[in-house]
Each structure stands twice: as C-alpha cells, then as structure tokens.
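Participant: Return a 3D structure for these sequence lines:
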Amino acid sequence: MVACRQRYGPVFKVWFGHRPWIIVADPELGKRVNYKLINRPRTLGDPLVQGPITKDENKGLFASRDNHWRFLHRIWQPAFYAESVHACAPLMSSNTQKLVSRLERLADKGEPVNIWREVGKLTMSIVGTSAYGVDFHTIEDDTDVPQSSSDSLSSQAPATEAPATEQKLQEVCGCNGKHESTQHADNLTQDLNLPAYTITSLAQAKVKISNNDVGSQLVASAQTLFAAAGAQSGSIYQTLALLAPPALKGLVTSLAHKLPDKQFKKVMAARSTMSAASLQLVQRQRAASNSKGAGDGNASKAPGKKWSGAVAPGSFLGLLLHAREAGSQLTDLSLIMQANTFTLAGYETTANTLTFALFCISTHPEAESKILEEIRAAPRPFHTADLEKQFPYTCACVSEALRLYPPGANTSREVGQEPLQLGDFMLPSGATVMVGTYVMQRDPNLWPRAKEFVPERWLPGNEHLASKNPNAYLPFGSGGRMCIGYRFALQEVRLGLIELLEKLHFEVQWNLMVPPKTSALGAAVGADKNVDNGKGANSERRELATELKFTLCPAGGIWVKVEPRVPAAIAE
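Facilitator: Model (predicted):
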C-alpha cells in the first residue's frame, strides 16, 4: 500500500479477482468516507460462511448494517461509557499482576518469551472478567491451574446455572464426551431458540466455560480465526471464494464444506469452539438474570437511553438480555455473535497494541527511563480517570505506537444506494472503499520524522512534530463506526504498560525475530527500516517485520528476554 500510494497518488484501485477495491490515503477524503458511509462491505470477513449467521439480523456488531447496527450500537454503548470503563480498572490491574508473576517465573528459567502471545493471554483474561464475570484462567502455568473446576468462576461472577441447564449445555456443546445426533440437535432447537444447523455445529465443540482449560481453548481459537484472514495462512477455498465471480461463489462454498482442506477444518473447529463458549455464557447470564434480576440498578433502564451511572463489570450480556426482554428481536444466535465479537475484538487488537508499545519502549531506553520517572512520581493508587494527567509521557508512547503500528491498518466501507463524490472521483453504488490508516499515519508529507518513534509529538509544546492534518491519525477509525471500545482498549494498554514496566525490563532478542521480506520494488515489506530503535549489543537488525492478516500484527511475534527490575530503578 505504501508503494502504491507513492506511485499512484492518494486514491487508487486494487483488484481482488473480479472485485475492485478503492483505496483512499488522503486525510480529508478518508474523513469523508468514514463519516458519509455507515456499512462495512459484505465481502469483509470469511466468504465461506453459510447458514443462518449470514442473515443481517444474526450478525455481530462489527458486521451488522444500517438500522440493525444502530440498534446494536445503542445496546452496547453503556458498557463503554467512561464510568463503566473506569469500573473495570481493578480487574485489568489484577489480571496484569498475574501476568507479571508469570513473566517473573519465566524470567527465572532464562528462556526467551514471545511477549505477543503472553500479552494475548492477558487480554483474553480481561475480556472474561470485565465483560462476562468469568475467570478464563488464561495466565496460569499448567502447574498453577487448579485440578478442580469448582473455583473457575471469579468471585464477582453471577450465579451459576441450575443443574438441568448445566446438563443441557454439556449435551449441546459436547462437553459430556458424546457427540449428539442430528435428531437430538433438532429436539434442542426449539428450547434453545437456535437453528438445528447451529446446534449440530456447536455440539461438536469440546469446550466448557467452567473448565480450567477454557482460556487456552479460546486463545487458540482466536489465533486460528485471525491467522486465517492472512493470504498465506488461510484455506485455499477462502482465496477462491474471494477471487471467484458471484456466480461461482456458491459452488466454492459448497465444496469447502463437503471437501474441507486442513485449514478450513481448523477454522470451522475454532468458530464452533468460540460460539459454543458464547452460548454457555449467554445461558449462564440468563439463569443469573432470572434468579436475581438484570444486575445492577442501571440494567433496569430502557435500552438505547444514555445512562449516567456505570455498568458493573461482567454485565455486558446482561445489557443484551435486558434489551431482548424489553421487546427487541435479538435471537439467541445474535446474542452468540455479539459475545463472539466482544471476545475476538477484545483479545486481538488490544494485545497487538500493547505488544507494539512494549517493543517501541524496549528499543528506546530513553523512553523507558521517562516512563519509570512517571511511575516513581505518581501517587498510589493510580486514578484511572486521570491517567493522561498522571502519566502524560506513557500515554504519549501509546499514541505513538498506535501511529506506527495501528492494529486496524485500514477501515473499510461500502458505498450505499447513492453514488459518493470523492474529490474528483465519483464512486458507484456498492463500491468497496478502504481508508489507508497505516499509510496515512506514516506519510512523510503529513508527519515530521514520520518513520521514527517520537512520543514527544503528542505532548504540549511540540506542535512542530504533530501531524499537518488531524484527520491523518485514526487508529480507532472515525465517524459513526469508530471503535466503540476505544476507551476500554486505551485504559487496558496504559495500565498494562505501567504495571509491566514497573516490575520488568524487556530486551528484544533480534536473533529470534522474523526478518522483513523484500518486495519487487526493493523496499522492505512490513519493516521499519528507518525507525531509530535504540542501541545495544543485541540490536544489530533494526527492522520489525509485520504482517497484515485481519489486523496488523508482528510477524512471528516479538521475542524478548524478561528481566525483573531492580527496585532501585523505581525507588531512587
């Protein structure tokens, strides 16, 4: 994309088989796209999905469209009010401290650590406790996991299901070691308000939210689903479905399900695992709501109306269920898709952001020193509502890492029924438009020292380092479809950085890192060749290889040596 921007200008077209995608890498034109267009392209996502989840009313928030998106957005919104996010801070902190303890144990072994995957365990754990009130046990070592599953639900979790409901979930999700027949799935269809096709699929998944290994199963499934979006790691059927004309897509999809290759089998298994866990979370929340009401006091107010108070941690599904009880048309399948969306989005993008921030800081000793100074000077306990005032440089480091490495490297939209005038171009109805976030945020015409890690550009008094156009920075998108959870993600990353760096030092192991590839134009692909990454004996190679799958991620992870910090580094 960077090379195309340099060669063809701020607006150009890329062909994916028979489909042209219009790429916009201009801040003002990108703003117009994000604010004028509301729907994401139907082609975005897995093209091989079939069955009832392809219907608009059953899609998660990310893929929903038009009025159904507006309806879902209103229901989700209270979970991400500032007060609601601040209420999750103690859970974020306690989970991060678990990761600190785990990394300290790994440091004692002296082995390098893929910090990307370790941070992913943290973000999945935070999703469990903050959204659902469940401890997914993602951070513990095997030796730390309790042999009994009786304590697998955290103390703030809602009451567990009645035995009959628990047994039913075991039967539906295959947790009792038996694969249920299609006939039995049909019998359960009416009771669970799910299509028989979906019940049959979920019955193959061996997952149970009260088991110790549920976290590792969810993490592995999420990794599979995100990796499958990459051009090199997905099923051949996915590639064919994207490139094939519409008349042949049905044939490709049918072949994929009848003669699946190894990668497609993995994707289907991962999707079933994720959805089976979400079904159990929905059933668990329903049982709790039936026994003690909708949760905190705010949950009794009308959905869609802005609530002044915080929504309690763990009550995300309670919001959805209350909306359903209030007369909305949310199906059980839609509830599952909302939970899938929250889990996947909360896992991947935040893990990538925190990992990239740790990389940038660990390769810039001067930045690490300034963060430690802020930690030393900050009052205890930290006030999460004032993180930007207490830790301005730390927050600037997060903003700069998001500029260089935005997990959402692009935002996609679909032109509606009316054509869209975009500068000198008229975009036809139904056209797919992609706003090039990554390209704009690294454009030297828009940013001084564009390829360098310069946190100071986000601090007062350094306007000469700031962007020449404020619309050139959109790591969370912009317009109506801007990331609804951006406050949650920023708080999680900022707190994670503070608590990890307070106790640990990370040294990048360049000899274990994946080297960047070289394109036909002679430029490094996904590399930061011109970024000043600090000095040191172990830093002979400075490029960080990245790859774009569904999100921008570090190719092969980021390998570090973890060293417990000497207390004097903070105390003095």
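Participant: Residue 13: neighbour count?
Facilitator: 12 (other C-beta atoms under 10 Å). (C-beta placed from N, C-alpha, C; glycine too.)
Participant: cool, and residue 314?
Facilitator: Neighbours around residue 314, by other C-beta under 10 Å: 24.
Participant: That one belongs to a strand?
Facilitator: No: Residue 314 sits outside any strand when classified using DSSP: H, G, I helix; E, B strand; the rest coil, being coil.
Participant: so how many other residues sit close to the closest residue to it other than its chain neighbours?
Facilitator: Excluding its sequence neighbours, the residue lying closest to residue 314 (C-beta to C-beta, 6 or more residues apart in numbering) is residue 133, at 2.7 Å. When neighbours are defined as other C-beta under 10 Å, residue 133 has 26 of them.
Participant: Would you confirm that residue 133 contacts residue 318?
Facilitator: No: contact criterion C-beta atoms under 8 Å: residue 133 and residue 318 do not qualify, at 9.3 Å.
Participant: So, low pLDDT: which residues of the stretch 1-150 of the chain?
Facilitator: 141-150 (pLDDT under 70).
Participant: buried set for stretch 311-331?
Facilitator: 311-324, 328, 330-331 (16 or more other C-beta atoms under 10 Å).
Participant: Point out where the stretch 151-300 of the chain drops to low pLDDT.
Facilitator: 151-205, 230-233, 292-300.
Participant: As a check, name the ranges of all helices in it.
Facilitator: 163-173, 182-192, 196-202, 214-227, 236-243, 246-258, 262-292 (DSSP state H, counting those that start in this stretch).
Participant: Can you spell out which helices and strands pack onto the helix or strand following the last one?
Facilitator: It stands for helix 262-292. From helix 262-292 onward toward the C-terminus, using DSSP states H and E, the following helix or strand is helix 316-325. Packed against helix 316-325 by the contact rule (3 or more C-beta pairs under 8 Å, 6 or more residues apart in numbering; DSSP states H and E) you find helix 66-76, helix 262-292, helix 332-362.
Participant: hey, which of those helices is tucked in deepest?
Facilitator: Most buried of these by mean neighbour count (mean count of other C-beta atoms under 10 Å) is helix 332-362; its value is a mean of 25.
Participant: need the next SSE after that helix, C-terminal direction.
Facilitator: Following helix 332-362 in sequence, per DSSP H and E, is helix 365-377.
Participant: so how far does stretch 464-480 reach from one end to the other?
Facilitator: End-to-end distance for stretch 464-480: 30 Å, by C-alpha to C-alpha, to the nearest Å.
Participant: Cross-check the contact I'm expecting between residue 489 and residue 475.
Facilitator: No: using C-beta under 8 Å, residue 489 is not in contact with residue 475, being 9.6 Å away.
Participant: Under a three-state scheme, what state does residue 562 occupy?
Facilitator: Following three-state DSSP, the label given to residue 562 is strand.
Participant: For the nearest residue to it once chain neighbours are set aside, which residues are in contact?
Facilitator: Nearest residue to residue 562 in three dimensions, chain neighbours excluded: residue 107, at 4.2 Å (C-beta to C-beta, 6+ apart). Contacts here follow C-beta atoms under 8 Å, 6 or more residues apart in numbering; on that basis residue 107 touches 504, 562, 563, 564.
Participant: next one: residue 63
Facilitator: Contacts of residue 63 (C-beta under 8 Å, 6+ apart): 40, 44, 45, 341.
Participant: What is the nearest of those residues to residue 543?
Facilitator: residue 44 (29.5 Å; C-beta to C-beta).
Participant: ok, now which ones touch that closest one?
Facilitator: 63, 412.
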